[in-house]
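In: Whatever this is, show me its structure:
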Amino acid sequence: MELAYIPSPSRGVLYLGPIPLRGYAFCIILGVFVAVWYGNKRWIARGGRSGTVADIAVWAVPFGLVGGRLYHVITDYQLYFSEGRDWVDAFKIWEGGLGIWGAIALGAVGAWIGCRRRGIPLPAYADAIAPGIAFAQAIGRWGNWFNQELYGRETDLPWALHITSTADGRVPGYYHPTFLYESLWCIGVAVLVIWADRRFNLGHGRAFALYVASYCAGRFWIEYMRVDDAHHILGLRLNNWTALLVLLLAVVYIVLSARTRPGREAVVEPGVSDGEAGADGTGEAEGETEDTTSDMAEDEAGSATKKT
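Out: Now for the predicted structure:
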């Protein structure tokens, strides 16, 4: 008897008149919005100017999308270039297929270009947006639910995902919802980075490296559960090896960076005054006003004493 399960959507696209609204694309766009919005709040709190995160994202996001798609197409080339396949499908990004490894790598190149144009240190920018990226991934993973893809092994657990599609060799049934596991893990990663950043005053790219390391730890076991076709090396999926390698590199960076550049950057954006840094409700401007009022009161008291 079927007690409970997670249903799959009957279709992954809705039409607003003649305009198609695809669930996968909507999740990606919403994730980008959240990442930029929350990254902006963290950037201001670190002493940056409001709007800078969005300006740099104009470079980072397109580079990230291209990098994510390239990684997917290269590592799953048989889906697009084998016999009976249409290579034009490699450009249909709305149908799913973004590799986070390529998205982060090429997205970092775009962010570096944007930061360089404004004289901003890339590590400081990366630290500010790290939790937002994790939240964006948590949202973006629901795009896989719309496409009925990237699920795990069969299961009879009450939170099993009910796959109904038979496209591309899918077998209808009940499977582990690995998209949901990764979404929840990414939320946990974001919370961890926010807490550690406040607790240990992380700087010089260490908050971003913590995000990378903790994400990779979760991606390793989640990837191990998936049953979709993938290249294997020594019995492990390619993405398992990628996650393990990137995890080790992130840990090494955290250790070396903490030794060579302890603490946090004193200035993250040149030419930003204290008033600008607190103009978005972070509290600095209000504190500055209170200090100024206190100083004026002390001066008046001193003047009155002299007259007396």
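In: contacting residues for Arg116?
Out: With contact set as C-beta atoms under 8 Å, 6 or more residues apart in numbering, Arg116 has these partners: Leu122. Backbone N, C-alpha and C define where each C-beta goes, glycine included.
In: And what about it, helix, strand or coil?
Out: helix (DSSP: H, G, I helix; E, B strand; the rest coil).
In: Now do the same for it: its pLDDT.
Out: Arg116 is assigned a predicted lDDT (pLDDT) of 95.
In: next one: the one 10 residues further on
Out: Per-residue confidence (pLDDT) for Ala126: 97.
In: Contacts for stretch 169-176 next, please.
Out: So stretch 169-176 is contacted by 5, 148, 151-157, 160-166, 225, 227 (C-beta under 8 Å, 6+ apart).
In: Can you list which of those residues are found in strands?
Out: The strands, defined by DSSP state E, take in Leu161, His162, Ile163 from the contacts of stretch 169-176.
In: Any of the contacts of stretch 169-176 buried? List them.
Out: Tyr5, Gln148, Tyr151, Gly152, Thr155, Ala160, Leu161, His162, Ile163, Ser165 (16 or more other C-beta atoms under 10 Å).
In: from those, which two are the most distant?
Out: Thr155 and Ser165 (17.8 Å; C-beta to C-beta).
In: List the contacts of Gly107.
Out: Ala60, Val61, Phe63, Gly64, Gly67, Gly68.
In: Over to the second one. Which of the three states is it?
Out: Reducing the assignment to helix, strand or coil with three-state DSSP, the entry for Val61 is helix.
In: pLDDT at the spatially most central residue of the chain, what is it?
Out: Residue closest to the average C-alpha location in the chain (C-alpha atoms, centre = their mean): Ile133, at 1.7 Å. We note a pLDDT of 97 for Ile133 in this prediction.
In: wouldn't it be in contact with Val36 here?
Out: No. If you go by C-beta atoms under 8 Å, Ile133 and Val36 don't touch, sitting 10.2 Å apart.
In: which residue ranges form the helices in the stretch 1-150 of the chain?
Out: Assigned by DSSP state H, counting those that start in this stretch, the helices in the stretch 1-150 of the chain fall at 23-45, 52-75, 78-81, 100-118, 122-140, 142-147.
In: possible to save the ones you listed as JSON lines with distance to Val212?
Out: Listed next are the helices of the stretch 1-150 of the chain as JSON lines, based on distance: least, C-beta to C-beta, whole Å:
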{"stretch": "helix 23-45", "distance to Val212": "15"}
{"stretch": "helix 52-75", "distance to Val212": "14"}
{"stretch": "helix 78-81", "distance to Val212": "27"}
{"stretch": "helix 100-118", "distance to Val212": "8"}
{"stretch": "helix 122-140", "distance to Val212": "8"}
{"stretch": "helix 142-147", "distance to Val212": "21"}
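In: Select, out of these, the one closest to Arg264.
Out: With C-beta to C-beta as the measure, helix 122-140 is the member of the helices of the stretch 1-150 of the chain nearest Arg264 (8.2 Å).
In: Output that closest one as PDB - backbone C-alpha positions only.
Out: This file holds the C-alpha atoms of helix 122-140, laid out as PDB (Å, rounded to 0.1, in the frame of the first residue of the first chain):
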ATOM      1  CA  LEU A 122      38.200  38.600  -5.300                       C
ATOM      2  CA  PRO A 123      38.600  36.600  -2.000                       C
ATOM      3  CA  ALA A 124      36.600  39.200  -0.100                       C
ATOM      4  CA  TYR A 125      33.800  39.200  -2.700                       C
ATOM      5  CA  ALA A 126      33.800  35.300  -2.700                       C
ATOM      6  CA  ASP A 127      33.400  35.300   1.100                       C
ATOM      7  CA  ALA A 128      30.400  37.700   1.000                       C
ATOM      8  CA  ILE A 129      28.500  35.700  -1.600                       C
ATOM      9  CA  ALA A 130      29.400  32.100  -0.400                       C
ATOM     10  CA  PRO A 131      26.200  31.500   1.600                       C
ATOM     11  CA  GLY A 132      24.100  33.000  -1.100                       C
ATOM     12  CA  ILE A 133      25.500  30.600  -3.600                       C
ATOM     13  CA  ALA A 134      24.600  27.700  -1.300                       C
ATOM     14  CA  PHE A 135      21.100  29.000  -1.000                       C
ATOM     15  CA  ALA A 136      20.900  29.400  -4.800                       C
ATOM     16  CA  GLN A 137      22.000  25.800  -5.300                       C
ATOM     17  CA  ALA A 138      19.300  24.700  -2.800                       C
ATOM     18  CA  ILE A 139      16.700  26.400  -4.900                       C
ATOM     19  CA  GLY A 140      18.200  25.400  -8.200                       C
END
